[in-house]
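[1] Got a sequence here, can you model it:
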Amino acid sequence: MTKSDLLDDLLSPQPAKVHHRPKRLMKVIREAYAIGVPAFALKSQTDRLGSSAGYAFHLGTPDDVLRRICSWLLTNGEMNVLSGLIHELWKRYGREDVALAGLLLANIYHDNGAWVRLAEIIGKQSTAEALLLSIEECFRAKHAPPSEKLLLEWCTMSTAHAHLALLTKHANWIRSGRPDLTKEIQSAFIEIQYPDGDSLLGRIRDQMLSS
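    Numbers count the residues shown, from 1 in each chain. Here you go, the predicted model:
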């Protein structure tokens, strides 16, 4: 029996009422993650990856399984429940949870809604990888980039929001052919708090400012 069959066996029989009960839905999702997890021989490796990245857990669920779980949720869920689910997934902060939250975020919001909702749910200690998972999904889903006004607003909020602004701008900057930054956004990025040493965020800043 294939992994896809096993996933269908878990998700297809779920009653419609499960999609109205966020706590029960979270349990089903956690069970679904395990279907795609590689052999237990790799478990110590995924545990170390999760710990080093700051996640509560990292099971190693493949991307295709996460996308199928997302499709099941989108097909059967309601907007208000899914919106709340995104927040609950982010709070639980497993690597799979953050990735699934990004997939949902990119697919249920329109116009500027995805960016606004992302800024609402991120925590003060969100890692660059966690932010990038959602940013990349939003751009993959063809969302227009946030306005410079919104990016500058994020820069005045928490450090995590400032990093969100930097990473989102960089992702769009690459896609747009690396145009010159305005003086306002340059100044805002210079003033952001960065990790000590040769950090990913610092390199991204330097790449944009030196181009």
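
[2] Ignoring the adjacent residues along the chain, who's closest to the residue most central in space within the chain?
    Nearest to the mean C-alpha position of the chain, counting by CA atoms, centre = their mean, stands Ser134 at 3.0 Å. Nearest in space to Ser134, with sequence neighbours left out and distances taken as CB to CB, 6 or more residues apart in numbering, is Gly102 at 3.6 Å. In this view, the C-beta of every residue, glycine as well, is placed from N, C-alpha and C.

[3] how about the helices of the protein, start to end?
    3-11, 22-35, 43-53, 63-76, 79-92, 95-108, 113-121, 128-140, 148-155, 159-175, 183-190, 200-209 (DSSP state H).

[4] Are there helices or strands packed against the fourth one, and which ones?
    Read that as helix 63-76. Counting by 3 or more CB pairs under 8 Å, 6 or more residues apart in numbering; DSSP states H and E, the packing neighbours recorded for helix 63-76 are helix 3-11, helix 22-35, helix 79-92, helix 95-108.

[5] Run through the residues that contact Pro144.
    Not quite, residue 144 is Ala, not Pro. Each residue near Ala144 by CB atoms under 8 Å, 6 or more residues apart in numbering is listed here: 111-112.

[6] hang on, the earlier thing: count of residues packed around the residue nearest to Ser134?
    As a burial measure, Gly102 scores 28 neighbours (other CB atoms under 10 Å).

[7] That one and Tyr194, how far apart?
    Gly102 sits 23 Å away from Tyr194, going by CB to CB, to the nearest Å.

[8] try Tyr33
    The gap separating Tyr33 from Tyr194 is 33 Å, by CB to CB.

[9] Repeat that for Thr159.
    Separation of Thr159 from Tyr194 (CB to CB): 9 Å.

[10] Next: Asn112.
    Separation of Asn112 from Tyr194 (CB to CB) stands at 27 Å.

[11] do the same with Glu31
    Per CB to CB, Glu31 is found 39 Å from Tyr194.

[12] Between these two, which has more neighbouring residues?
    Taking other CB under 10 Å, Glu31 and Tyr194 do not tie; Tyr194 has more neighbours (18 against 11).

[13] Could you give the backbone dihedrals for that one?
    Backbone torsions of Tyr194, given as degrees, to the nearest 10, read phi -120, psi 150.

[14] From what I see, it and Gly202 are in contact.
    Yes: assessed by CB atoms under 8 Å, Tyr194 is found in contact with Gly202 at 4.9 Å.
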